[in-house]
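>>> prediction below, plus the sequence it came from.
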Amino acid sequence: MNVDFDVMMDACPTRQVLGRIADKWTMLVVLALDDGTLRFSQLRARIRGVTQKMLTQTLRGLERDGMVSREVYPTVPVTVEYTLTPLGRSLGDAVTVIRNWAYGNMLQIEAARERYDTAQS
């Protein structure tokens with residue numbers, strides 16, 4: 001662990017990183033790109049429910065943070081492809097663990113929600 005960072009401190013820059021990687025759309029983009037390079041339209045089709053604006057913002061943030069590379073090809077219309085960088089691939093490993101945890105615990109979570117909602121009404 002790097003002692004120069006303390007996520008519990010409000011000025012710690014790792015909070016920005018946690019905000020990025022804990023975002024639902026970031027996780028879904030990373031999972032989608034984990035299988036390989038995709039064009040924007042392919043990503044949007046794969047991640048159901050994401051708007052064009054949200055996908056664009058997410059991809060720009062991931063590119064800025066060095067997790068996604070963007071390749072533009074001079075075709076008509078222009079073709080743009082997105083690929084995980086080695087840093088993005090390492091995040092993909094962590095996201096896969098979280099996804100598998102969610103799959104493995106979803107029934108327990110749904111039961112807990114039902115108990116809670118019943119007790120609240």
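Received it, and whenever you're ready, just let me know what you need. Quantities reported herein were computed from a predicted structural model and do not represent experimental measurements.
>>> could you say what helices and strands the host helix or strand of residue 119 packs with?
Using DSSP states H and E, residue 119 sits in helix 86-120. For helix 86-120, the packing partners by 3 or more C-beta pairs under 8 Å, 6 or more residues apart in numbering; DSSP states H and E come out as helix 14-21, helix 24-33. C-beta coordinates here come from the backbone N, C-alpha and C atoms, glycine included.
>>> now with 6 Å?
helix 24-33 (3 or more C-beta pairs under 6 Å, 6 or more residues apart in numbering; DSSP states H and E).
>>> now find how far off-centre the helix it packs on is within its chain.
4 Å (C-alpha atoms, centre = their mean, to the nearest Å).
>>> other residues contacting that helix?
The contact list for helix 24-33 (C-beta atoms under 6 Å, 6 or more residues apart in numbering) reads 20, 43, 46-47, 54, 58, 84, 91-92, 95.
>>> go again using 7 Å as the cut-off
Applying C-beta atoms under 7 Å, 6 or more residues apart in numbering, the external contacts of helix 24-33 come out as 20, 38, 43, 46-47, 50, 54, 58-59, 62, 68, 82-84, 88, 91-92, 95, 99.
>>> again with stretch 45-62
Taking C-beta under 7 Å, 6+ apart as the rule, stretch 45-62 contacts 20, 25-26, 28-29, 32, 43-44, 68, 82, 88.
>>> and that stretch, what's its mean pLDDT?
For stretch 45-62, the mean pLDDT works out to 97.
>>> next one: stretch 11-25
pLDDT averaged over stretch 11-25 gives 91.
>>> count of residues packed around residue 33?
25 (other C-beta atoms under 10 Å).
>>> next one: the one 5 residues further on
Burial of residue 38 is recorded as 18 neighbouring residues (other C-beta under 10 Å).
>>> correct me, but it touches residue 82?
Yes: here residue 38 lies in contact with residue 82, judged by C-beta atoms under 7 Å, at a distance of 5.9 Å.
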